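J.: Sharing a sequence plus its predicted fold:
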Amino acid sequence: MNKIKNIKFKKIIDKYKNNNLILKKKNNLLKDKFIRTLAEFENYKKRNEKEKKDLFKINTGNLIKTILPVLDDFNRFIIEEKVTKNKGIYLIYLKFKKILKDFGLNKIKVNIGDIFNPDYHYAISQVEKNNMKNKIIDILEDGYYVYDNIIRCTKVIVGK
């Protein structure tokens, strides 16, 4: 009788051990699935955040691009009218430039004599000039970029 009980208990124990192994495998599969889902979700959040930032940069660039003619007019007015630093219009001009700078607007740095680069410069014309082949002779209109995106190339005259 004791042997029969031992055999029954052994069968029951084996059955529970087998069930336990199956449950452990299922648990491991669920853990793996959970970890993968969590990683996918984290990647989704990062990708979504990056897309939001990129969209903000693009929209900011588009808005500033439409405002650039106003900045150009301000620049011309300040130069032509020889506006001094103590006049109110000059203070408005400085405030306007600061606001645009705060939104990521930067001027493309160009000097006369720099080598022409079609990535940053837009050649309006070419002029014969000694020792100035493929170099900038004159700057007609400033170029700008917002963050890393060029929104307007610098318009220049190039030597040939």
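T.: Ah, there it is.

J.: Which residue would you name as the spatial centre of this protein?
T.: Note on the chain: the residue nearest the mean C-alpha position is residue 54, at 4.9 Å, using C-alpha atoms, centre = their mean.

J.: can you give me how far the lengthiest helix in the chain is from the chain middle?
T.: With secondary structure taken from DSSP state H, the chain has its longest helix at helix 2-80. Counting by C-alpha atoms, centre = their mean, to the nearest Å, helix 2-80 is centred 21 Å from the centre of its parent chain.

J.: Could you list the residues in contact with the helix or strand just after it?
T.: With elements assigned by DSSP states H and E, the helix or strand that comes after helix 2-80 is helix 88-102. The list of residues contacting helix 88-102 from outside it, by C-beta atoms under 8 Å, 6 or more residues apart in numbering, reads 64, 67, 70, 71, 74, 77, 78, 83, 84. C-beta coordinates here come from the backbone N, C-alpha and C atoms, glycine included.

J.: Please report the distance of the spatially closest residue to residue 70 that is not a sequence neighbour from residue 35.
T.: Of all residues not flanking residue 70 in the chain, residue 96 sits nearest, at 7.7 Å (C-beta to C-beta, 6 or more residues apart in numbering). Using C-beta to C-beta, to the nearest Å, one gets 52 Å for the distance from residue 96 to residue 35.

J.: repeat for residue 51
T.: 25 Å.

J.: Run a quick check on residue 83 versus residue 77, I expect a contact.
T.: Yes: here residue 83 lies in contact with residue 77, judged by C-beta atoms under 8 Å, at a distance of 7.0 Å.

J.: of those two, who's got more company?
T.: More crowded of residue 83 and residue 77, by other C-beta atoms under 10 Å: residue 83, with 16 against 13.

J.: quick one: which of residue 96 and residue 35 has more around it?
T.: residue 96 (14 against 10).

J.: any idea how far the more buried one lies from residue 103?
T.: Residue 96 is 11 Å from residue 103, where distance means C-beta to C-beta.

J.: Count the residues that sit near residue 155.
T.: Neighbours of residue 155 using other C-beta under 10 Å come to 17.
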